[in-house]
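K.L.:
Have a look at this fold, sequence not included:
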Ligand SMILES: Cc1ncc(COP(=O)(O)O)c(C=O)c1O
């Protein structure tokens, strides 16, 4: 597989079009008066204009919903979509450790092979870590989710 | 000053630049031999930063090997030699843009140059200012006018200046094809206009603005004209006097020179009247514990140790360009630009920003690939060895106006061949298929 193909695996191209969870209505982008169990974060990559507003809902320390609106490259959109499929039903601590594992792989410059047991479909994003300029794209939704989760109580 | 010799023969004839000569020119640019991802590099990002010919690198090396010293600061032999290099470089580069020696101020780059101008205007707007410096003062009720196509470097310094002084920032809109709305310009330029700042050539659409016409309109209302010549000085014959602008800025790294050097042109009487921006050593006459007198321009704007080897290298770069011929370079790039736009227009799902083929533009093209984000387009092209720029190219308002937040830009220079443009077009034609976009 060429390194381009390892970056853009079929599953990533599919997820970038599917965009699971990309249903945050426009009027919610500001998110002014959020209840305590809801957190929301806006992330922008000023280099290329990738942008996401992501909202996490929790119930009894379990993620009960994820919604986002965004625009960006295939990597950032696929990453947000994959994350959305994974987090609902996870406990707070599980989400944190998932994000940490993902971050570790992304920062490894291609040295770490993602564990599919832990990262599921997100393991397909491993190839991104060989392209330092694209790591931020892959991390965008995950950073937003981390921040949104921290806002909830 | 001594300029390193050229490896390729100089063609002083009026004969047009063509692929044969460009292939010889390429021998002067070692980096163009690079392979990227197993493919020969096709460098189409000169609009962001250009490559250096050997003569430029040799000028910088020769300075360090033979003359390195402090300029304007010593009586020893090396200091004199260094000062000569520095000031000869100034003459060479000033002549290249049609300016006199005392009208060129060295800066770090164009951004620093635009900030120098804006901050100097700001300094003329506060405190005790008298005499000729009042010409630069801005206050509530005054207007600074820019255009909708500006690079952030020619927008944000003016936003900040207006915030500090209470002046109002306004902008001349563009048409859908990226050209400036001249009717709107005529309506906006008026008695309140104190500054008109605009780009000569758009770094996104390649639109070439009617500089002399805009200068005349601004001067009719006594406004100061600031030209961003970043994308023109490297690519076409630039004569700041003929265009009758008051100030102009450019960056060396976009015109075959290293990073860390650029210039501000200012009309002599304006530079001498303008309050300084950066202050300190090398720009003063008499200093007491209370106050200081300032040297005339250009030294009054060159506080601290200057980029000397970079100035020598920039002079070598302008010599290289002059000897090749700016008119010929412009014509060659314009032809490459047209070939690029024609080719892109023929590919399904591509939208070219700026003027359609057949309408004059600089040798660059930005475009949108329907269904594929610019970042992915750039990655795909990189895998084919083709270097382009992706993103908003430091022109967010322009992109927003054109209805997108990122595009892909291919920009040419004198060392690009027809074959490279064709390789680029062939690669672009494969993008939508690769990403599985419907209809491709
Ligand atoms: C039109 C224009 N203005 C200003 C700049 C800023 O140049 P620099 O980053 O060298 O200061 C650029 C370069 O990107 C440009 O294209």
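P.N.:
Thanks, I have it. Everything numeric here is computed off the predicted structure, so don't read it as measured data.
K.L.:
only C-alpha atoms for contact and neighbour calcs from this point on.
P.N.:
Fine.
K.L.:
Closest residue of chain A to chain B?
P.N.:
Residue of chain A nearest chain B, by Cα to the nearest Cα: residue A:48 (4.3 Å).
K.L.:
what residues are up against that residue?
P.N.:
By Cα atoms under 8 Å, 6 or more residues apart in numbering or on different chains, the contact list for residue A:48 reads B:375, B:390, B:391, B:392, B:406.
K.L.:
can you do 10 Å?
P.N.:
A:72-73, A:134, A:137, B:373-375, B:389-394, B:405-407 (Cα atoms under 10 Å, 6 or more residues apart in numbering or on different chains).
K.L.:
got it, and residue B:371?
P.N.:
Contact analysis of residue B:371 by Cα under 10 Å, 6+ apart lists A:17, A:73, A:74, B:349, B:350, B:432, B:435, B:436, B:437, B:438.
K.L.:
Model confidence at residue 91, what's the number?
P.N.:
With no chain named, the answer covers chain A. pLDDT, residue A:91: 97.
K.L.:
nope, chain B
P.N.:
We have a pLDDT of 98 for residue B:91.
K.L.:
Doesn't it belong to a helix?
P.N.:
Yes - looking at residue B:91 with DSSP: H, G, I helix; E, B strand; the rest coil, it is inside a helix.
K.L.:
Tell me which helix or strand residue B:195 sits in.
P.N.:
strand B:193-199 (DSSP states H and E).
K.L.:
That strand: what's the following helix or strand?
P.N.:
That would be, after strand B:193-199 and using DSSP H and E, helix B:211-220.
K.L.:
Quickly run through the sheet partners of whichever helix or strand comes after that following helix, with directions.
P.N.:
Proceeding N to C from helix B:211-220, the next assigned helix or strand is strand B:224-228, under DSSP H and E. Sheet pairing of strand B:224-228 (DSSP bridges) gives strand B:193-199 (parallel), strand B:247-251 (parallel).
K.L.:
and the first one, how far from the chain's centre?
P.N.:
Translated: strand B:193-199. Centre-to-centre, strand B:193-199 and its host chain are 17 Å apart (Cα atoms, centre = their mean, to the nearest Å).
K.L.:
all helices for the stretch 301-440 of chain B, in order.
P.N.:
Counting by DSSP state H, counting those that start in this stretch, the stretch 301-440 of chain B has helices at residues B:308-324, B:326-345, B:374-383, B:396-401, B:418-429, B:431-434.
K.L.:
related to what we said a few turns ago, mind checking how far the residue of chain A closest to chain B is from the ligand?
P.N.:
Separation of residue A:48 from the ligand (Cα to the nearest ligand atom, to the nearest Å): 15 Å.
K.L.:
SS state for that residue?
P.N.:
Quick answer, by three-state DSSP: residue A:48 is coil.
K.L.:
Would you mind naming what in chain B lies close to chain A?
P.N.:
When proximity is defined as Cα under 10 Å from any Cα of the partner chain, chain B approaches chain A at B:37, B:371-377, B:379-380, B:382-384, B:389-394, B:396, B:404-407, B:434-437.
K.L.:
What is the neighbour count of the single nearest residue of chain A relative to the ligand?
P.N.:
Closest to the ligand within chain A is residue A:47: 13.1 Å, counting by Cα to the nearest ligand atom. Neighbourhood size, residue A:47 [other Cα atoms under 10 Å in any protein chain shown]: 16.
K.L.:
What score does it have for pLDDT?
P.N.:
79.
K.L.:
got the contact list for it?
P.N.:
Residue A:47 touches A:133, A:136, A:137, B:375, B:390, B:391, B:392, B:393, B:394, B:406, counting by Cα under 10 Å, 6+ apart.
K.L.:
can you check residue B:249 too?
P.N.:
B:104-107, B:109-114, B:117, B:154, B:199, B:226-230, B:233, B:262-266.
K.L.:
Quick check: which of the residues you listed are also close to the ligand?
P.N.:
B:109, B:110, B:111, B:199, B:228, B:230 (Cα under 6 Å from any ligand atom).
K.L.:
okay, these in TSV with neighbour count and pLDDT next?
P.N.:
Formatted as TSV, those follow (neighbours: other Cα atoms under 10 Å in any protein chain shown; pLDDT from 0 to 100):
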residue	neighbour count	pLDDT
B:109	21	98
B:110	26	98
B:111	22	98
B:199	25	98
B:228	28	98
B:230	29	98
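K.L.:
Can you pick out the most distant pair from the residues you listed?
P.N.:
B:109 and B:199 (15.2 Å; Cα to Cα).
K.L.:
How about residue B:39: what's its closest non-neighbour residue?
P.N.:
Sequence neighbours aside, residue B:385 is the residue nearest to residue B:39 in space, at 5.1 Å (criterion: Cα to Cα, 6 or more residues apart in numbering or on different chains).
K.L.:
what's the answer for residue B:370, then?
P.N.:
Residue B:370's closest residue in space is residue B:349 (Cα to Cα, 6+ apart), at 5.1 Å.
K.L.:
Check whether residue 141 sits in a helix, strand or coil.
P.N.:
Going with chain A. Per three-state DSSP, residue A:141 ends up helix.
K.L.:
Sorry, I should have been clearer: chain B.
P.N.:
Residue B:141 is classified as coil under three-state DSSP.
K.L.:
residue contacts, it?
P.N.:
For residue B:141, the contact set (Cα under 10 Å, 6+ apart) comprises B:165, B:166, B:167, B:168, B:192, B:193.
K.L.:
The ligand next: which of those are close?
P.N.:
Near the ligand, by the rule Cα under 6 Å from any ligand atom, you find none of the contacts of residue B:141.
K.L.:
Going by neighbour count, which of those residues are buried?
P.N.:
For the contacts of residue B:141, a burial check counting by 16 or more other Cα atoms under 10 Å in any protein chain shown picks out B:165, B:167, B:168, B:192, B:193.
K.L.:
now the residue nearest to the first one when sequence neighbours are not counted: how far from residue B:169?
P.N.:
Setting aside the residues directly before and after it, residue B:165 is nearest to residue B:139 in space (Cα to Cα, 6+ apart), at 5.3 Å. According to Cα to Cα, to the nearest Å, residue B:139 stands 12 Å off from residue B:169.
K.L.:
between those two, who's got more neighbours?
P.N.:
Legend: neighbour count by other Cα under 10 Å for residue B:139 and residue B:169, higher for residue B:169 (19 against 16).
K.L.:
chain center to the helix or strand harbouring the more buried one, what's the gap?
P.N.:
According to DSSP H and E, residue B:169 maps onto strand B:168-172. The chain centroid and the centroid of strand B:168-172 are separated by 22 Å, computed with Cα atoms, centre = their mean.
K.L.:
go on, stretch B:96-116?
P.N.:
The answer for stretch B:96-116 is 11 Å, by Cα atoms, centre = their mean.
K.L.:
Now do the end-to-end distance for it.
P.N.:
21 Å.
K.L.:
Could you pull up the contacting residues of residue 117?
P.N.:
Assuming you mean chain A. Per Cα under 10 Å, 6+ apart, neighbours of residue A:117: residue A:123.
K.L.:
oops, I was thinking of chain B
P.N.:
Contacts of residue B:117 by Cα under 10 Å, 6+ apart are B:123, B:136, B:157-158, B:226, B:247-249, B:264, B:266, B:271, B:274-277, B:301.
K.L.:
For PyMOL, what selects the buried ones among the residues you listed?
P.N.:
Filtering those down to the buried ones (16+ other Cα under 10 Å) takes a single PyMOL command:
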select buried, chain B and resi 123+136+157+158+226+247+248+249+264+266+271+274+275+276+277+301
